[in-house]
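> Show me the folded form of this:
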Amino acid sequence: MRQFGLIGRTLQHSFSQTYFSQKFYSQDLADHRYDLFELAAIGELPGLLRAHPDLVGLNVTVPYKESVVTYLDELAPSAARVGAVNVIECLPEGRLRGHNTDVTGFRESLRRFYPVMPGQRALVLGSGGAAKAVGVALSDLGIGYWLVTRDPLGAGLTYDELTPTLLAGHHLIINATPLGTFPRVEECPRLPYEALTAQHYLYDLVYNPAETRFLQRGHEAGAHIKNGFEMLERQAEAAWDIWNGR
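Residues are numbered from 1 along each chain as shown. Take a look at the predicted model:
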């Protein structure tokens, strides 16, 4: 049995198990399975690995993309560059290598959605592992950005600083927080949505629901919108290649 899985604190929103289970079925991989492992704390990871010796690889989601690093034996260049991990490769003799496929997944998905041109600027809502991966992808594309957080002492901007004037100079806004994720679908980042226009592009890394309140309000204002399902697919396929030595 080749076992794979996803670790996170709450996973009822995730489509990863469905995605990989369908993949295994379509490729007639009856000896493969993908499970969801909810961990109350990242310190439970070693016990999980001992209990599941057939694990070949794991995906990592919020809130453990950064804290999992201390439990790994090595980081691939992709993860070292970001400082966050969303894919774990289980190596011989129990060693663990961390990778980051979020950068590739987001970057390639964004290319299909947003007309990238020199001198553009973006707002990245959030400061966790997903936001860090988004920042690296934006840098790859030559797009400057501000991180936006609730912390007045943190790097970047706070939500109180997101004025209509600021939004007028930042046509790309990416939600890299879990706000709006099922089942708390009524939540959304605090923005002056009335300042959005048809020149704005809103990308939400959340994909369940397919249209979050963040995207709904952007659509109502005439903005272009996209959820994170394509990013999920692209990062998942990159993880699959890693787990199969490609």
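> from here on, contacts and neighbour counts on C-alpha atoms
OK.
> Show me how this structure divides into domains.
Domains of the chain are assigned by automatic domain parsing as 2-100, 103-230.
> which one of the ones you listed lies closest to Asn244?
Across those, Asn244 has its closest neighbour in domain 2-100 (9.1 Å, Cα to Cα).
> pLDDT averaged over the closest one, what's the number?
Averaged over domain 2-100, pLDDT sits at 97.
> pull the longest helix from the protein.
helix 229-243 (DSSP state H).
> so what's Gln120 up against?
If you count contacts by Cα atoms under 8 Å, 6 or more residues apart in numbering, Gln120 has them with 142-144, 170-171.
> So among these, which ones count as buried?
By neighbour count, with 16 or more other Cα atoms under 10 Å, the contacts of Gln120 hold 143-144, 170-171 as buried.
> Tell me which of those fall in strands.
Those of the buried ones among the contacts of Gln120 mapping onto strands are Gly144, per DSSP state E.
> Can you redo the buried ones among the contacts of Gln120 as a markdown table, where the extra columns are pLDDT and distance to Gln199?
A markdown table is the format used below for those (pLDDT from 0 to 100; distance: Cα to Cα, whole Å):
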| residue | pLDDT | distance to Gln199 |
| --- | --- | --- |
| Ile143 | 97 | 16 |
| Gly144 | 97 | 17 |
| His170 | 98 | 10 |
| His171 | 97 | 6 |
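> In a markdown table, list the buried ones among the contacts of Gln120 along with distance to Glu108.
Conversion of the buried ones among the contacts of Gln120 to a markdown table gives the following (distance: Cα to Cα, whole Å):
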| residue | distance to Glu108 |
| --- | --- |
| Ile143 | 14 |
| Gly144 | 17 |
| His170 | 20 |
| His171 | 19 |
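> which residues sit in contact with the nearest residue to Ala130 once chain neighbours are set aside?
Nearest non-adjacent residue to Ala130, counting by Cα to Cα, 6 or more residues apart in numbering: Ala176, 5.9 Å away. For Ala176, the contact set (Cα under 8 Å, 6+ apart) comprises 124-128, 130-131, 134, 204-206.
> change it to 6 Å
125-126, 130-131, 205 (Cα atoms under 6 Å, 6 or more residues apart in numbering).
> need those in a markdown table with distance to Asn244 and pLDDT, can you?
Output for the contacts of Ala176, formatted as a markdown table (distance: Cα to Cα, whole Å; pLDDT from 0 to 100):
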| residue | distance to Asn244 | pLDDT |
| --- | --- | --- |
| Leu125 | 34 | 98 |
| Gly126 | 32 | 97 |
| Ala130 | 24 | 97 |
| Ala131 | 27 | 97 |
| Leu205 | 26 | 98 |
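> out of those residues, which are inside strands?
Using DSSP E, those in strands are Leu125.
> possible to save the contacts of Ala176 as CSV with neighbour count and distance to Gln12?
Shown next, in CSV, are the contacts of Ala176 (neighbours: other Cα atoms under 10 Å; distance: Cα to Cα, whole Å):
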residue, neighbour count, distance to Gln12
Leu125, 25, 23
Gly126, 22, 21
Ala130, 29, 19
Ala131, 24, 21
Leu205, 24, 16
